[in-house]
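S.K.: next comes the sequence, and after it the predicted model I'd like to discuss.
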There are 2 protein chains.
Amino acid sequence: MAELKNDRFLRALMRQPVDVTPVWMMRQAGRYLPEYRATRAKAGSFMDLCTNPELACEVTLQPLERYPLDAAILFSDILTIPDAMGLGLYFEEGEGPRFKKVVENAADIEALPVVDTLKDLSYVTDAVRTIRRELNGRVPLIGFSGSPWTLATYMVEGGSSKDFRKVKTMAYNDPEMMKALLNKLVASVTDYLNAQIDAGAQAVQIFDTWGGALSHDAYRQFSLDPMARIVAGLKKESEGRPIPVILFTKGGGQWLDAMADTGCHALGLDWTTDIGNARTLVGEKVALQGNMDPAILNANPERIREEIARILARFGRGGGHIFNLGHGITPKIDPANVDVFINSVHELSAPYHQ
Amino acid sequence: MAELKNDRFLRALMRQPVDVTPVWMMRQAGRYLPEYRATRAKAGSFMDLCTNPELACEVTLQPLERYPLDAAILFSDILTIPDAMGLGLYFEEGEGPRFKKVVENAADIEALPVVDTLKDLSYVTDAVRTIRRELNGRVPLIGFSGSPWTLATYMVEGGSSKDFRKVKTMAYNDPEMMKALLNKLVASVTDYLNAQIDAGAQAVQIFDTWGGALSHDAYRQFSLDPMARIVAGLKKESEGRPIPVILFTKGGGQWLDAMADTGCHALGLDWTTDIGNARTLVGEKVALQGNMDPAILNANPERIREEIARILARFGRGGGHIFNLGHGITPKIDPANVDVFINSVHELSAPYHQ
């Protein structure tokens, strides 16, 4: 493997000194970029793009051609695992993800296989290898997975949901049934992330998009505990470097102390959390990633810089901060504003690292 | 006015001793009740129901006929104010609320009138008077309004929104323009709630449904500050009793300390907050209302009772707790489970008040 030329992101995850605060964006390869839309059109369906390692590599690298980002993230979907379990993922225009089969009872859960990544999801590990080769050491590559709870919501609801009625009814009425489902997902996600690490992922992030829909107690039981078991099962290092793990629960701002105790290396913060308060709370346990409201990227450049300055000041001096948005970048953002964002993070953060 | 026979709710809001924990449900007059659906069908459109004081009274009282609730809440919609400002509220089946006109610029804001409730929204004060007469002192009546920020989101977006792109762009790019809009809403909501108090509302709640979409700092500026100004402008007592004010920001669990400093009497909590932690945080400043996940009402009766017991135990002994759901009851709930819920709160809470 080529030597890593920019290791700011990995250093910050380990709370080591850096020259400037590293920055990347959730969903940085996405619809706001015209070149992404062109590749997407060429690929056919969204899943055709995800399952083609050369095209997945192409869109992964597109934002790095435009912006001095400090990390690349594998282009894929969080629902590859339930798809590989046989549920039949598809996308309806403007409707979000859907499954042909849904999980409704104990027999459905019993019938689900645990994913064997190298056999069932080789297109993902192929994409990781291809991206690492093409990155050629420019920046580290992040692998990722959806959290077990988040995957379970789609598998039981059959798609997106507003109130999570079916999956919560299953969890509340029959916690043992829900745990049987989550156990298969813990095993599958652990295998999936370890396979990504073996293929070349240099850090991994678990996206817990829907943990924030749970109550304080139910979150611990159904979302955090499965994630903690995954963290415990991950490879600790690869290529002679530690593999940092980032946990991101959207809407998890009240639960950061418990998240920091899972053994992960960093917490992703959405924009509702004050990053200064979060740093005080987690102390030296973990690094923090975030947390600008993506909607700020609709504002003018001066306002974007103001908000970056505010977040940097709240975090304060020293390492352990990876700048990011508090959630994925949205499709209508002007790519020119992203340029302001990425460059301003580097420029405005330098004094905090002197 | 008839003497109040059950004042548990008002006593708990003032953190005075009670015999059992009072309980009501947000959206307790709603689609889960067959008798509501019958009245709604008879009325015509949803707005026909809201604007007819006799029918609004009828649906307000329906849940009290079934359950030993400790409060009634005016049946109305949070969007009556923007409608009265001339934006033309309508509902499309399955689409949520929409406005014929949207607020896009300074001229639109300049043109908006401040609402004069007695002239523009007399159907609401008529409904309050009718309900008080028909309640005949059984339980207190709660008046309510949407928060200025929440109303502004609908007025600028033209309806519901997933990412609040337009309203956040206005707030971030031109905070002064947003404040001009919020100032008109502060004046209108203050007038609206004071008119409800004059007409007989015995407590008021401000529903800040979308404050939780803002960042930590933007929440203070665009949602909390306008609510604090409303609290300061409300009538302190009526009919010889204080008028307690409840603030409810959905997703506001990280901001309870700031909310408790507004001068309100109680905070509504959604289900993501641990009510024991919240009580420790706010101390003797305010009462707490909440906070069971409405989805628990889809579970079996034993599970519902377990969850009530857990929340009561977390709050602990003494007054200052009004039991409620963490958000409105959803349409598919079985009315029999609501019976279990309401009665179990009374039964299981008695030991905490001995």
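M.R.: That came through fine. Numbering: from 1, shown residues only, chains lettered A, B, ... in the order given.

S.K.: distance of A:Met155 from A:Gly146?
M.R.: The spacing between A:Met155 and A:Gly146, counted by CB to CB, to the nearest Å, is 10 Å. No exception for glycine: its C-beta is placed from N, CA and C like everyone else's.

S.K.: for chain A, which residues are neighbours of chain B?
M.R.: By CB under 8 Å from any CB of the partner chain, the residues of chain A that approach chain B are A:163-165, A:168-169, A:172-173, A:212, A:214-219, A:251, A:253-254, A:271-274, A:277, A:293-296, A:298-300, A:303, A:307, A:310, A:326, A:330, A:332.

S.K.: filter those residues down to the buried ones, ChimeraX style.
M.R.: Buried residues within the residues of chain A next to chain B, by 16 or more other CB atoms under 10 Å in any protein chain shown, are selected in ChimeraX with:
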select /A:163,164,165,168,169,172,212,214,215,216,218,219,251,253,254,271,272,273,274,293,294,295,296,298,299,303,307,326,330
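
S.K.: who does the least confident helix or strand in chain A by mean pLDDT touch, helix- and strand-wise?
M.R.: Sorting the helices and strands of chain A by mean pLDDT, DSSP states H and E puts strand A:89-92 at the bottom, at a mean of 89. Contacts defined by 3 or more CB pairs under 8 Å, 6 or more residues apart in numbering or on different chains; DSSP states H and E place strand A:89-92 against helix A:46-50, strand A:96-99.

S.K.: could you dump these to CSV with mean neighbour count and mean pLDDT?
M.R.: Compiled in CSV, the helices and strands packed on strand A:89-92 are given as follows (neighbours: other CB atoms under 10 Å in any protein chain shown; pLDDT from 0 to 100):
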stretch, mean neighbour count, mean pLDDT
helix A:46-50, 18, 93
strand A:96-99, 17, 93
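
S.K.: among these, which comes closest to A:Val18?
M.R.: In terms of CB to CB, the element of the helices and strands packed on strand A:89-92 nearest to A:Val18 is helix A:46-50, at 32.2 Å.

S.K.: give me the helices and strands touching whatever helix or strand comes next after the closest one, please.
M.R.: Using DSSP states H and E, the helix or strand that follows helix A:46-50 towards the C-terminus is helix A:53-66. If contacts are counted by 3+ CB pairs under 8 Å, 6+ apart, helix A:53-66 sits against helix A:34-43, helix A:46-50, strand A:72-73, helix A:122-135, helix A:335-349.

S.K.: repeat the analysis, applying 7 Å as the threshold.
M.R.: Counting contacts by 3 or more CB pairs under 7 Å, 6 or more residues apart in numbering or on different chains; DSSP states H and E, helix A:53-66 is packed against helix A:34-43, helix A:46-50, strand A:72-73, helix A:122-135.

S.K.: name the residues that touch it?
M.R.: Residues outside helix A:53-66 that contact it (CB atoms under 7 Å, 6 or more residues apart in numbering or on different chains) are A:28-29, A:33, A:35-36, A:39, A:43, A:49-50, A:69, A:72, A:74-76, A:123, A:126-127, A:130-131, A:134, A:138-139, A:335.

S.K.: of those, grab the buried ones for ChimeraX.
M.R.: This is the ChimeraX syntax for the buried subset of the contacts of helix A:53-66, where burial follows 16+ other CB under 10 Å:
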select /A:28,29,33,36,39,43,49,50,69,72,74,75,76,123,126,127,130,131,134,138,139
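
S.K.: excluding its backbone neighbours, what's nearest the residue of the stretch 1-150 of chain A found nearest chain B?
M.R.: Nearest residue of the stretch 1-150 of chain A to chain B, counting by CB to the nearest CB: A:Gly96, 10.7 Å away. What sits nearest to A:Gly96 in space, not counting adjacent residues and going by CB to CB, 6 or more residues apart in numbering or on different chains, is A:Ser160, at 4.4 Å.
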